[in-house]
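1. Here's my sequence, what's the structure:
(chains A and B)
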2 protein chains.
Amino acid sequence: MNIKEYALVAKQASIALSTVSGETKNNALKAIARDLARYKNEIFQANFRDLQNAETEGLSAPNLKRLRFDDAKLKETLSGLESLISLDEPVGKQLKVTELDEGLILHQVSCPIGVIGVIFESRPDALVQIATLCLKSGNAALLKGGSEALETNKILAKIIYEASIGEEIPERWMHLLETRQDVQELLSCEDSIDLLIPRGSNEFVKYIMNHTKIPVMGHADGICHCFVDKFANLEMATQIVVDAKTQYVAVCNATETLLVDEKIAKAFLPMIHEAFSEKHVIMYGCELTQKIIAVEPATSDSYITEYLDYEISIKVVKDFHEAIHHINQYGSGHTDAIITHDNNRAEVFMNQVDSANVFLNCSTRFSDGFRYGFGAEVGISTAKIHARGPVGLEGLLIYKYKLYGHGQIVADYSEGRKTFTHRDLSNHA
Amino acid sequence: MNIKEYALVAKQASIALSTVSGETKNNALKAIARDLARYKNEIFQANFRDLQNAETEGLSAPNLKRLRFDDAKLKETLSGLESLISLDEPVGKQLKVTELDEGLILHQVSCPIGVIGVIFESRPDALVQIATLCLKSGNAALLKGGSEALETNKILAKIIYEASIGEEIPERWMHLLETRQDVQELLSCEDSIDLLIPRGSNEFVKYIMNHTKIPVMGHADGICHCFVDKFANLEMATQIVVDAKTQYVAVCNATETLLVDEKIAKAFLPMIHEAFSEKHVIMYGCELTQKIIAVEPATSDSYITEYLDYEISIKVVKDFHEAIHHINQYGSGHTDAIITHDNNRAEVFMNQVDSANVFLNCSTRFSDGFRYGFGAEVGISTAKIHARGPVGLEGLLIYKYKLYGHGQIVADYSEGRKTFTHRDLSNHA
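-> Okay, the predicted model is just below:
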């Protein structure tokens, strides 16, 4: 079968999967956990082959680390599965019930989206996470992992698929793609695939967004800001900004630009300069910044650069309005924080900054599904529709309307023989 | 200014508009209603010019009717505005409140999407409806109406814009596009426009969907089905099917294909044949249908044809499984009904038919925002993400996360000095 055919059978499987009970899906998830533990040596051996190849091909140390699937990763994976099993069944929830008229009752009911295509980077544990999120939410899944993890992904996919089929999950609900050519074909399956979730570098996500008609959920850039207002506690600001920049630099919610109100620039910049210098953060500053502390000069590109490293852009702004304007112009709509003890200004900032996550007096690093308490994370979205910010299981769901009648026809209402009642029954359901 | 520039200033206006209070927005809506009534003669004169041009150019009678903006249409429009004003303020709703830790509180808050591009057909009352829906939901709007309604649209847009600005709605929040070239430019404004809503013919909506990177909300086809199960009350089935086909044929939720279980085909087909003949409905039947009643032969294209007229395709199916399969293969995911008194079969049908609206024992014509009691209708969507089925005001909204802290940093949690509490405060907010 080619990818179009795999997508078509996945579409058919998704119909059957959409009606599978929560109990059956949880049994399948338990069987997956059992078999991942049972076959762990086979998984580690496959991963060892991937690691050997990757080393031969000169993969960088951080990428080798991401590629590793060992006892610690397995433990993490199994604990994620446990948490997923414990979540409420997401399909078939009555979101709203309305009586349109006597004996004509409308139910808005949650249901799976259908077929999800997920293209992710080197971490093989991501495959388990994504596949099981799709299963729990009743979606069929076409998955493509990084080529350097192919051996590990193949055995993980085989274990997941076979364990799930053994628990009466519909056949063909999941398929692992193996080549880049497969991805190209995937992008043109708009008739069968309902949503694409790419996870990877900026360029990669942008490429996906620009080469498909399928809706895409994800984020390309993560250009996050901290703005230190003139009414900030400067000690607190220093702690937050250092955490936001350096707690983990390689992630999308790390801060890339620091904005400082000019009224406190002379007091604050030396403090942050000292703190950043200790952490070996390279600073690129605007002209005003350069007058106060020793920094590299910022160029016109600095404010649109996602460093993902120990580097930061610094700009002194006239006031919080300029900060808001700068963020809306240069930011990526991901996560932006204000540090201030003026709650009114904070509220204006949080309302006018057009980002998925707007924070007061805390680190941008908090924008994350697990820190938000979602129990499971599908990804982070900077889209303006469907799902925004950290996305939990509900990002893989939509709803349908079920209308239960007893022979009602529209002519009776349009010709005045009957009238609608439109009573909200949601709390009586 | 060109369209890209209009879209950019609309983006800026949308930031300001997103924080305007519900009271101010309602005052603007009241001023719009007042001025539409005040300047009704100018509107009617402009509409008269459009009607004259349209008649000269030989527009069809139904299209001339849609183009007309008279006292009756004004009254309808004003009553729609009144209902919109009475709706709860949709922006700033607390959707969920979670304590992540003591003094670190996460709010999920509804907010406007941003800039909406709406491209609609000849009805000028649609302009008022769409513009005011965008205003109520805090979205900036770029609007393009049918060229045959240009004079009417221009004066309506002027009245709406000036009345709203007079009530302190941010300038440039709305702009009327006037040419087809403008639409072409609009489609490439993916940096400023967040959502496109096309309303019009199949071909038109498909064209839009295929020529833009902006997310599109709408529906191309409306190929709706009625399936008469072997356990149907045939009198009820006849009434429902006749209503679904003929109550108003030119609309997307009118039924285009009738599916009949073979066990009751001999009893039911003569009944529906008689009823349809009275209404002058042309029937196209499959081979089995042709053996029972006098119909035109259905061709391979019949089941993918949206007649929007007094015509219907009829197919006899082996059982309800074949009906479900046929609908998922040939339908457009809009609205499909089963007529049966077997509730178990009904539930399987409603779960497995992958459509936005699935009905039991009532007419497909009920799938409509006003009949569903939404108070306002943005349109109908057959998409699988964001909004599905009849879409009310909530289809123009998304949410953002606001996190209120007191200096919290992630390092404290990742290094074990603090732990998250993840307490749901939604009901205490």
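2. Tell me who's in contact with residue A:104.
-> Residue A:104 makes contacts with A:403-406, A:408, B:362, B:366, as judged by Cβ atoms under 8 Å, 6 or more residues apart in numbering or on different chains. C-beta coordinates here come from the backbone N, C-alpha and C atoms, glycine included.
3. Just among those residues, which is most surrounded?
-> Within the contacts of residue A:104, most neighbours by other Cβ atoms under 10 Å in any protein chain shown means residue B:366, with 28 neighbours.
4. element containing whatever residue of the stretch 101-250 of chain A ends up closest to chain B, please.
-> Residue of the stretch 101-250 of chain A nearest chain B, by Cβ to the nearest Cβ: residue A:243 (3.6 Å). Using DSSP states H and E, residue A:243 maps to helix A:234-246.
5. returning to that earlier point: surely the residue of the stretch 101-250 of chain A closest to chain B and residue B:411 touch.
-> Yes. Between residue A:243 and residue B:411 there is a contact at 5.4 Å, judged by Cβ atoms under 8 Å.
6. I'd like to know how many residues surround the residue of the stretch 101-250 of chain A closest to chain B.
-> 25.
7. what do you get for the one 10 residues further on?
-> Burial of residue A:253 is recorded as 23 neighbouring residues (other Cβ under 10 Å).
8. buried set for stretch A:268-280?
-> Going by neighbour count (16 or more other Cβ atoms under 10 Å in any protein chain shown), the buried part of stretch A:268-280 is A:268-269, A:271-273, A:275-276.
9. Nearest residue to residue A:303 in space, please, no chain neighbours.
-> Nearest non-adjacent residue to residue A:303, counting by Cβ to Cβ, 6 or more residues apart in numbering or on different chains: residue A:330, 4.3 Å away.
10. where does the one you found land on pLDDT?
-> Residue A:330 is assigned 96 on the pLDDT scale.
11. Pull the number of nearby residues for it.
-> By other Cβ under 10 Å, the residues close to residue A:330 number 18.
12. ditto for residue A:93
-> 14.
13. excluding its backbone neighbours, what's nearest it?
-> Closest to residue A:93 by Cβ to Cβ, 6+ apart is residue A:110, at 4.2 Å.
14. So which residue is dead centre in chain A?
-> residue A:379 (1.4 Å; Cα atoms, centre = their mean).
15. Could you give the bridge partners of it?
-> residue A:391 (DSSP bridges).
16. Give the rounded mean pLDDT of the longest strand that chain A contains.
-> As assigned by DSSP state E, the longest strand anywhere in chain A is strand A:397-408. Mean pLDDT, strand A:397-408: 98.
17. Output it as CSV - backbone C-alpha positions only.
-> What follows is strand A:397-408 as a C-alpha-only set of coordinates in CSV (Å, rounded to 0.1, in the frame of the first residue of the first chain):
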residue,chain,number,x,y,z
LEU,A,397,-11.2,16.2,20.1
ILE,A,398,-14.1,18.0,18.4
TYR,A,399,-17.8,17.6,18.8
LYS,A,400,-20.8,16.6,16.8
TYR,A,401,-24.5,17.5,17.3
LYS,A,402,-27.0,14.7,17.8
LEU,A,403,-30.6,15.7,17.5
TYR,A,404,-33.3,13.3,18.8
GLY,A,405,-36.8,13.8,17.5
HIS,A,406,-40.1,12.1,17.2
GLY,A,407,-41.1,13.0,13.6
GLN,A,408,-40.6,16.8,13.8
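18. what lines up beside it in the sheet?
-> Assessed with DSSP bridges, strand A:397-408 is paired to strand A:104-112 (antiparallel), strand B:357-362 (parallel).
19. Run the chain-centre distance for the first one.
-> What it means is strand A:104-112. In terms of Cα atoms, centre = their mean, to the nearest Å, the centre of strand A:104-112 is set 27 Å apart from its chain centre.
20. Could you tell me the average pLDDT over it, please?
-> Rounded mean pLDDT across strand A:104-112 is 98.
21. which is the next helix or strand following it?
-> Downstream of strand A:104-112 (by DSSP H and E), the next one is strand A:115-119.
22. How about stretch A:72-85, which residues are buried there?
-> Buried residues in stretch A:72-85, counted by 16+ other Cβ under 10 Å: A:73-74, A:77-78, A:80-81, A:84-85.
23. Residue A:210 - how many residues pack around it?
-> 12.
24. part of a strand, is residue A:89?
-> No. Looking at residue A:89 with DSSP: H, G, I helix; E, B strand; the rest coil, it is coil, so not inside a strand.
25. Quick check: the gap between the residue nearest to it when sequence neighbours are not counted and chain B.
-> Once flanking residues are discounted, residue A:89 sits nearest to residue A:22: 3.2 Å by Cβ to Cβ, 6+ apart. Relative to chain B, residue A:22 is positioned 14 Å away (Cβ to the nearest Cβ, to the nearest Å).
26. What of residue A:91?
-> Separation of residue A:91 from chain B (Cβ to the nearest Cβ): 10 Å.
27. Need phi/psi at that residue.
-> phi -90, psi 140 (degrees, to the nearest 10).
28. What's the local residue count around it?
-> Residue A:91 has 23 neighbours, counted by other Cβ under 10 Å.
29. Repeat that for residue A:264.
-> Neighbours of residue A:264 (other Cβ under 10 Å): 18.
30. quick one: it is in a helix?
-> Yes. Under three-state DSSP, residue A:264 sits within a helix.
31. tell me the contacts of the nearest residue to it once chain neighbours are set aside?
-> Distances taken as Cβ to Cβ, 6+ apart place residue A:230 nearest to residue A:264, at 5.1 Å, with adjacent residues excluded. Residues counted as contacts of residue A:230 (Cβ under 8 Å, 6+ apart) are A:261, A:263-264, A:319, A:340.
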